[in-house]
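*Asks:* Just a sequence and a predicted model for now, questions to come.
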Amino acid sequence: MTKAAAEPLPDLWDDAYAAGLDEPGLLLYRSNLLGSDLRITNFGGGNTSAKIAMTDPLTKEPVTVLWVKGSGGDIGSMKRDGFSTLYLDKLESLKGLYRGIAHEDEMVGLFNHCTFGLNPRATSIDTALHGFVPHVHVDHVHADAVIAIAACSDAEQLTRDVFGGALGFLPWQRPGFELGLKLGDMARRHPEYVGVVLGGHGLFTWGETSKAAYQTTLRIIQQAADWLGANERQPAFGGARVAPAPAEKRRTVAAALMPLIRGKISSNERKVGHFTDAPEVLEFVNSHALEALAPLGTSCPDHFLRTKIRPLVIRYDPQSENIDAVIDSLDPLLAAYRNDYSAYYLRCKRPNSPDMRDPNAVIYLVPGIGMFSFAKDKATARIASEFYVNAINVMRGASGVGAYVGLPEQEAFDIEYWLLEEAKLQRMPKAKSLAGRIAYITGGAGGIGSATALRLLSEGACVVLADVDQTALDQRIESIVQKFGCDSAVGFKLDVTDETSVIASFDETVVAYGGIDIVVSNAGIASASPVEDTTLTLWQRNMDVLATGYFLVAREAFRLMQRQQCGGAIVFVASKNGLAASAGASAYCAAKASEIHLARCLALEGAPHGIRVNTVNPDAVLRGSKIWAGEWRQQRAASNNVAEDELEEVYRQRSMLKLSVLPEDIAEGIYFFASDRSAKSTGNILNIDAGNAQAFTR
């Protein structure tokens with residue numbers, strides 16, 4: 001909290017820009033500004049609204065329309081279509097239909113009957129809280145500084161002390177119609193209030209213009225942060241119990257633990273991991289207060305929904321304990337957490353509760369090291385981690401000025417297994433075929449590597465691109481991130497002939513995503529030379545890249561996959577020349593044949609571990625290929641006595657099907673072997689060469 005006071009929230013409102021916006025535009029502008037700073041609200045958390053005069057499309061009469069963030073959106077990144085729109089008078093009329101708190105969930109379905117303008121955006125549970133406040137512009141945010149006050153045992157008194165009567169206080173209650181009625185009533189009875197603190201939950205503020213509401217929200221959050229910074233006890237969390245390991249060791253331990261945890265919690269659904277050793281995290285996991293505070297869980301419902309009832313603490317002192325002892329403790333630790341979660345479910349379930357969901361933890365805290373989070377995809381794991389950092393900030397602030405109080409267990413359960421939340425989960429699209437899978441691709445910046453990355457990404461995988469060409473690699477990663485988002489891909493410069501670099505790249509992959517499921521060995525070179533002119537250097541270069549490089553990558557993949565115990569798929573990108581001899585290219589052909597036979601040997605060794613190894617054999621993939629960009633293309637054109645720009649047509653006509661082979665064609669074959677569509681295939685070869693009788697497998 002001292003950090004927040006030392007770095008005031010900036011007022012980013014631009015009057016010149018705002019002057020060109022209509023009221024919905026101003027609401028969107030305000031929303032995006034508020035959501036741009038995680039100190040104000042977390043990703044997907046909070047909502048904003050405005051009551052705007054519009055013309056009824058049916059009567060042509062003026063009406064007041066509530067514009068409010070719809071269900072599931074994020075105010076920092078939402079667009080104009082992210083708002084629900086409702087006739088305010090119709091929303092108000094629902095008060096007459098309300099049958100009491102036991103029936104308040106039925107009110108959500110009635111919101112649809114208040115829709116203005118045939119807007120398809122689903123309404124959020126907080127709609128009534130915005131609609132019933134008698135102010136034009138309303139903000140609801142989950143600022144750490146305010147929640148720290150709201151999560152104290154004496155939160156109501158602290159609200160008076162900190163804000164001097166400018167804000168009201170409502171005790172914890174699950175968001176819904178009833179809370180909306182209470183909030184609206186409090187705002188009407190206290191015109192002097194500029195907002196209300198919701199116990200354990202967050203902050204509501206309001207104003208008569210978008211700018212005024214925005215600035216009030218900033219001012220209140222800053223006031224809370226400054227007060228906490230001036231009044232919190234030091235040292236935070238009772239001081240350090242464990243010293244942090246050096247940064248390099250933290251990453252080494254993360255690389256050792258994450259794939260083990262991932263393998264043990266992925267039996268029903270593959271998980272992707274995230275690691276952070278941010279200063280706030282280390283301060284908490286290393287502290288004396290960890291053992292007392294972590295079991296209390298979080299207070300804010302948004303934090304809880306992302307991070308589960310409580311984290312799992314993996315006890316470790318990097319200064320005095322061997323990591324092997326921690327590894328040995330994982331099975332009983334994970335089993336104890338699952339048993340505890342199952343007991344929590346049984347204690348709290350209602351007659352109509354949905355079935356118990358995955359009982360594994362989302363958040364894993366390791367003293368001296370940091371925090372792991374695991375979820376169905378990388379973005380969800382990262383966001384869960386960010387939410388728990390919010391929770392750490394809340395616990396730091398609350399325990400620094402009083403006693404921190406987590407969400408009561410039954411209340412937590414009623415939110416986690418809320419039928420409305422379950423309905424939202426059921427509406428989510430079906431998982432893609434590679435959801436939760438992590439793919440590692442060598443030669444990732446080339447034509448085949450890039451096409452493969454795009455194919456696997458389109459099916460929900462995360463990808464790691466490894467390539468010796470840093471410039472091309474950076475360009476590929478940038479284009480992928482623009483299309484699929486910042487969590488979709490990472491790139492590492494890699495020379496596959498360098499054993500140390502190969503090992504390090506797998507460790508980096510684990511730290512980035514938690515493990516590995518798919519390895520595509522695609523790094524390649526090409527050469528042509530009569531045997532009498534083939535130098536030992538040329539021969540060795542082919543063997544180093546195409547044989548030894550494939551061995552080193554496969555060996556590390558085997559080691560990691562065996563540690564995870566989730567099986568895996570390894571795909572070698574070989575060549576037609578591995579099966580069909582070609583004069584004048586003995587070094588290349590011999591190395592490619594070595595790849596194919598290595599894959600067969602690995603298929604034998606991998607089968608008992610569920611590791612499948614298959615080979616895709618391309619031929620003459622010119623488009624987008626770095627191999628074909630230089631001397632190799634010149635040599636092939638010369639040997640066929642054609643110009644370089646005629647070479648693709650030569651290969652097309654040489655094929656049985658008279659078709660060009662494109663990177664996307666190879667990517668499709670790789671996807672087949674990487675996916676569960678080929679779950680019963682190992683040791684096989686798939687030729688993608690438009691037909692070449694010489695390359696028929698025998």
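*Replies:* Everything's here; your move. Residues are numbered from 1 along each chain as shown.
*Asks:* Quick check: the gap between residue 206 and residue 179.
*Replies:* To residue 179, residue 206 is 16 Å away according to Cβ to Cβ, to the nearest Å. Where you see a C-beta, it was placed from the backbone N, CA and C, and this is true even at glycine.
*Asks:* Oh, that last question was meant for residue 532, not what I typed.
*Replies:* Separation of residue 532 from residue 179 (Cβ to Cβ) stands at 86 Å.
*Asks:* Give me the more crowded residue out of the two.
*Replies:* Counted by other Cβ atoms under 10 Å, residue 532 and residue 179 do not tie: residue 179 has more neighbours, with 22 against 5.
*Asks:* got the contact list for the more buried one?
*Replies:* By Cβ atoms under 8 Å, 6 or more residues apart in numbering, the contact set of residue 179 is 128, 129, 170, 173, 198.
*Asks:* Name the single longest helix found in this structure.
*Replies:* helix 323-348 (DSSP state H).
*Asks:* following that helix, which helix or strand shows up next?
*Replies:* Next in sequence after helix 323-348, counting helices and strands by DSSP states H and E, comes strand 363-366.
*Asks:* Output the contacting helices and strands for that next one.
*Replies:* Applying 3 or more Cβ pairs under 8 Å, 6 or more residues apart in numbering; DSSP states H and E, one finds that strand 363-366 contacts helix 247-265, helix 279-285, strand 312-313, strand 370-375, helix 378-401.
*Asks:* again, only using 7 Å
*Replies:* strand 370-375 (3 or more Cβ pairs under 7 Å, 6 or more residues apart in numbering; DSSP states H and E).
*Asks:* can you list contacts of the strand it packs on?
*Replies:* For strand 370-375, the surrounding residues in contact (Cβ atoms under 7 Å, 6 or more residues apart in numbering) are 250, 254, 258, 261-262, 265, 271-277, 281-282, 285, 362-365, 381, 384-385, 388, 514.
*Asks:* sec struct for residue 21, please.
*Replies:* The assignment at residue 21 comes out as coil when based on DSSP: H, G, I helix; E, B strand; the rest coil.
*Asks:* residues touching it, list them.
*Replies:* Neighbour list for residue 21: residue 29 [criterion: Cβ under 7 Å, 6+ apart].
*Asks:* Now it. Its backbone dihedrals?
*Replies:* phi -110, psi 150 (degrees, to the nearest 10).
*Asks:* Check it and give its pLDDT.
*Replies:* As predicted, residue 21 sits at a pLDDT of 98.
*Asks:* how near is it to residue 411?
*Replies:* From residue 21 across to residue 411, the span is 40 Å (Cβ to Cβ).
*Asks:* quick revisit: buried residues in the longest helix of the chain, which are they?
*Replies:* Buried residues in helix 323-348, counting neighbours by 16 or more other Cβ atoms under 10 Å, are found at 326, 330, 333, 334, 337, 338, 340, 341, 344, 345, 348.
*Asks:* And stretch 149-164, by the same measure?
*Replies:* Residues of stretch 149-164 classed as buried under the neighbour-count rule (16+ other Cβ under 10 Å) are 149, 150, 151, 152, 155, 156, 158, 159, 162, 163.
*Asks:* Show me which of these is closest to residue 120.
*Replies:* residue 150 (33.9 Å; Cβ to Cβ).
*Asks:* I'd say the closest one and residue 196 touch.
*Replies:* No. If you go by Cβ atoms under 7 Å, residue 150 and residue 196 don't touch, sitting 10.3 Å apart.
*Asks:* where does the chain dip in pLDDT?
*Replies:* Low-confidence segments of the chain, defined by pLDDT under 70: 1-6, 622-640, 644, 646.
*Asks:* Let me know the outermost residue of it.
*Replies:* Distance from the centre of the chain peaks at residue 532, with 54.6 Å (Cα atoms, centre = their mean).
*Asks:* helix/strand/coil for it?
*Replies:* Secondary structure for residue 532, judged by three-state DSSP, is helix.
*Asks:* And it, how far from residue 594?
*Replies:* To residue 594, residue 532 is 22 Å away according to Cβ to Cβ.
*Asks:* sorry, back to before: can you tell me which of the contacts of residue 179 has the most neighbours?
*Replies:* Neighbour tally across the contacts of residue 179 (other Cβ under 10 Å): the maximum, 30 neighbours, falls on residue 128.
*Asks:* can you pull the contacts of the residue nearest the centre of the chain?
*Replies:* When Cα atoms, centre = their mean is applied to the chain, the residue found nearest the centroid is residue 379 (1.0 Å). Residue 379 makes contact with 485, 487, according to Cβ under 7 Å, 6+ apart.
*Asks:* what about 6 Å?
*Replies:* Going by Cβ atoms under 6 Å, 6 or more residues apart in numbering, residue 379 touches residue 487.
*Asks:* for the one 3 residues further on, same thing?
*Replies:* Under the criterion of Cβ under 6 Å, 6+ apart, the neighbours of residue 382 are 274, 487.
*Asks:* And for residue 471, the neighbour number?
*Replies:* Using other Cβ under 10 Å, residue 471 is surrounded by 10 other residues.
*Asks:* Over to residue 662?
*Replies:* When neighbours are defined as other Cβ under 10 Å, residue 662 has 18 of them.
*Asks:* Kindly report the same for residue 239.
*Replies:* For residue 239, the number of neighbouring residues by other Cβ under 10 Å comes to 12.
*Asks:* Next up, phi/psi of it, please.
*Replies:* With angles defined as degrees, to the nearest 10, residue 239 sits at phi 90, psi 180.
*Asks:* Distance check, it against residue 287.
*Replies:* Per Cβ to Cβ, residue 239 is found 7 Å from residue 287.
*Asks:* Could you do residue 380 as well?
*Replies:* Distance, residue 380 to residue 287, using Cβ to Cβ: 27 Å.
*Asks:* Over to residue 76?
*Replies:* The value you get for residue 76 to residue 287, if Cβ to Cβ is used, is 30 Å.
*Asks:* Settle it for me: which of the two has more neighbours?
*Replies:* Neighbours were counted for residue 76 and for residue 287 using other Cβ under 10 Å; residue 287 has more, 24 against 20.
*Asks:* now the more buried one, which residues is it bridged with?
*Replies:* Per DSSP bridges, the residues bridged to residue 287 are residue 240.
*Asks:* Could you double-check that it lies in contact with residue 237?
*Replies:* Yes. Under the criterion of Cβ atoms under 6 Å, residue 287 makes contact with residue 237 at 3.4 Å.
*Asks:* Return the residues in contact with residue 568.
*Replies:* Residue 568 makes contact with 517, 561, 611, according to Cβ under 6 Å, 6+ apart.
*Asks:* at 10 Å what do you get?
*Replies:* By Cβ atoms under 10 Å, 6 or more residues apart in numbering, residue 568 lies in contact with 437-438, 515-519, 557-558, 560-562, 606, 609-613, 674.
*Asks:* what does residue 524 give?
*Replies:* So residue 524 contacts 442-443, 446, 448-449, 496, 542, 545-546, 549-550, 573-575, 588, 591-592, 595, 618, 625-627 (Cβ under 10 Å, 6+ apart).
*Asks:* Next one: it from residue 547, what distance?
*Replies:* Residue 524 sits 12 Å away from residue 547, going by Cβ to Cβ.
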